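In: what's the 3D shape of this:
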Amino acid sequence: MTLKVGVLGYRFMGKAHANAMARLPMFFPEAPDVERHVLVGRDEEALADAADRLGFENTATDWEDVVDEVDAFYNLGPNHVHAEPSIAALEAGTPVLSEKPLANDLDSAERMAAAAEDAGVPTATAFNYRFVPAIRYAKNLIEDGELGEIHHFRGRYLQDWLVDPEAPWSWRNSEEMAGSGALGDLGAHTIDLARFLVGDVERVSGHCQTFVDERPVEGEGGDGETETREVTVDDAYSAQAELEGDVMATFEASRFANGHKNDHAIEIHGSEGSLKFSLERLNELEVLRGDDRGYETILVTDADDPYVEHWWPPGHVLGWEHTFVHENYEFLSAIDSAASETPRDGGGETAGADGEYHPDFHDGLAVQRVLAAIQESDERGEWVSVK
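Out: Presented below is the predicted three-dimensional model:
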């Protein structure tokens, strides 16, 4: 069976997923056959060019014409357009992958998760960092008890692309379109890894800050004047949190951290050991066990490490784009299994105890609830329980 995939969005994430689908038959021959069937966007000229470059057979300017004609629908648009196309696809019985965060507000995320529950087809929230081999290695260490009882989780995600106050306004600076700033754009990834590796977030105390209140708008203004728009989201956030099992956690993200390009780092400390990971050195995991006097740096590139058998000899490192290949392999394999009514055997790297694909829309909703709680905590100035 060949799975026909429709993709809404052809810029950053559209390229990442199109590249992943193209790589699948080369490195994951057991993956289902995939046809990059249709690319969806508004600008017909730009859309045609993107479809040619990214290997899509067809184009469409209206997602309503697509969602019931494909075997999988990828919603890679801005946060405020996640809900309606995804819900329509699910109502048509089409599996959906949505970019993170799941939506621009909690109500929309709840509607999406409810639609997924009713549809009973595979869904995915695009938390691609679960698919880093070193993160999978870390999860295995924790589940095997190598770190003992977990006491602390620390996570940060730092970038600097908005430090310049003259950097142009975009939809990511709009609460209506994005829902939040660094909190949802970056913090969602960290919160998902905390849930994946340690456990659910139970309560939070959050602080959100905006450093630049308005930004210039590209292409607008005349007579030498520059038009500006208000920034209505956070530029940075921090939060204290309590995870299940009384684990203490801290979360932080900023798009104003000068000198940091894509610095996503976590630390986990337990009674018997600790580990550290940085996305900027994504093939490495630093591990401290027992009475070790310092951290051991483990290069997670051996053939028996998660996913690595599909790639290169030991020491030949993987990159950021490979996380999308792994993500697509797992999600499309789950769709293929569901379509053939063959239950998954749990052999997939991210299959849960129920044999289904994760992170799904319910995982996305769980993260969205934490995002909403952090915003509420910032507004109220007190700890807030995650419902």
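In: straight-line length of stretch 139-157, end to end?
Out: Counting by C-alpha to C-alpha, to the nearest Å, you get 19 Å between the two ends of stretch 139-157.
In: contacts for that stretch next, please.
Out: 182, 186-187, 189-191, 193-194, 196-198, 243, 245, 247-254, 263-275, 287, 289, 306 (C-beta atoms under 8 Å, 6 or more residues apart in numbering). C-beta coordinates here come from the backbone N, C-alpha and C atoms, glycine included.
In: what subset of the residues you listed is buried?
Out: 182, 186-187, 189-191, 193-194, 196-198, 243, 247, 249, 251-254, 263-270, 273-275, 287, 289, 306 (16 or more other C-beta atoms under 10 Å).
In: hey, where'd the helices end up in this protein?
Out: 12-27, 44-54, 83-91, 106-119, 133-143, 175-178, 182, 188-197, 320-339, 361-380 (DSSP state H).
In: comparing those, which stretch has the densest surroundings?
Out: Highest mean neighbour count of the helices of the chain: helix 182, a mean of 28 (counted as mean count of other C-beta atoms under 10 Å).
In: contact partners of it?
Out: Residues from elsewhere that reach helix 182 (C-beta under 8 Å, 6+ apart): Tyr157, Gln159, Asp234, Asp235, Ala236, Tyr237, Ala253, Ser254, Arg255.
In: what's the closest non-adjacent residue to the first one?
Out: Spatial nearest neighbour of Tyr157, excluding adjacent residues (C-beta to C-beta, 6 or more residues apart in numbering): Leu186 at 3.8 Å.
In: pLDDT weak spots in the stretch 251-387 of the chain?
Out: Low-confidence segments of the stretch 251-387 of the chain (pLDDT under 70): 342-355.
In: domain parsing for the protein?
Out: What automatic domain parsing lists as the domains of the chain is 2-129+322-359, 131-318+368-385.
In: and the shortest one, end to end?
Out: In domain 2-129+322-359, first residue to last residue: 23 Å (C-alpha to C-alpha).
In: show me what contacts Ala72?
Out: Leu3, Lys4, Val5, Gly6, Thr94, Pro95, Val96, Leu97, Phe331, Leu332, Ile335.
In: make TSV out of those and add distance to Ser86.
Out: Formatted as TSV, the contacts of Ala72 follow (distance: C-beta to C-beta, whole Å):
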residue	distance to Ser86
Leu3	18
Lys4	17
Val5	15
Gly6	12
Thr94	9
Pro95	10
Val96	5
Leu97	9
Phe331	14
Leu332	17
Ile335	15
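In: which one among those gets closest to Asp107?
Out: Val96 (18.0 Å; C-beta to C-beta).
In: residue contacts, the closest one?
Out: Applying C-beta under 8 Å, 6+ apart, the residues near Val96 are Ala72, Phe73, Tyr74, Asn75, Ser86, Ala89, Leu90, Ala116, Val121, Thr123, Ala124, Phe361.
In: out of the residues you listed, who's nearest Glu227?
Out: For the contacts of Val96, the closest approach to Glu227 (C-beta to C-beta) belongs to Asn75, at 30.1 Å.
In: one step back: can I get the contacts of Val96 in a markdown table with distance to Arg53?
Out: Shown next, in a markdown table, are the contacts of Val96 (distance: C-beta to C-beta, whole Å):
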| residue | distance to Arg53 |
| --- | --- |
| Ala72 | 21 |
| Phe73 | 21 |
| Tyr74 | 17 |
| Asn75 | 20 |
| Ser86 | 25 |
| Ala89 | 25 |
| Leu90 | 29 |
| Ala116 | 31 |
| Val121 | 30 |
| Thr123 | 28 |
| Ala124 | 24 |
| Phe361 | 30 |
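In: tell me which of those is nearest to Arg42?
Out: Looking across those and measuring by C-beta to C-beta, the closest to Arg42 is Asn75, at 14.5 Å.
In: related to what we said a few turns ago, what about the buried ones among the contacts of stretch 139-157, which are in strands?
Out: Of these, the ones assigned to strands by DSSP state E are 243, 247, 249, 251-254, 263-270, 273-275, 287, 289.
In: run a quick neighbour tally on Gly294.
Out: 7 (other C-beta atoms under 10 Å).
In: distance check, the closest residue to it other than its chain neighbours against Gly273.
Out: Leaving aside its sequence neighbours, Gly294 sits nearest to Leu288 (C-beta to C-beta, 6+ apart; 7.1 Å). Remark: distance between Leu288 and Gly273 (C-beta to C-beta, to the nearest Å) = 5 Å.
In: list the contacts of stretch 13-31.
Out: Residues outside stretch 13-31 that contact it (C-beta under 8 Å, 6+ apart): 5, 7, 33-34, 36, 39, 50, 54-56, 74, 76, 97, 99, 126, 310-311, 321, 324-325, 327-329, 332-333.
In: show me where the stretch 51-200 of the chain dips below the pLDDT cut-off.
Out: Those would be none, if you go by pLDDT under 70 across the stretch 51-200 of the chain.
In: ok, now how distant is the most centrally placed residue in the chain from Asp363?
Out: Centroid check for the chain by C-alpha atoms, centre = their mean gives Phe127 as the closest residue, at 2.5 Å. Distance of Phe127 to Asp363, computed by C-beta to C-beta: 7 Å.
In: what's the overlap in contacts for these two?
Out: Both Phe127 and Asp363 are contacted by Asp192, under the criterion C-beta under 8 Å, 6+ apart.
In: can you pull the contacts of the residue nearest to Gly294?
Out: Shown in contact with Leu288 (C-beta under 8 Å, 6+ apart): Gly273, Ser274, Leu275, Gly294, Tyr295, Glu296.
In: same deal with Asp200?
Out: Leu243, Glu244, Ala366, Val386.
In: let's see the pLDDT reported for Gly219.
Out: Looking at Gly219, its pLDDT reads 75.
In: since that was my last question, I'll sign off now.
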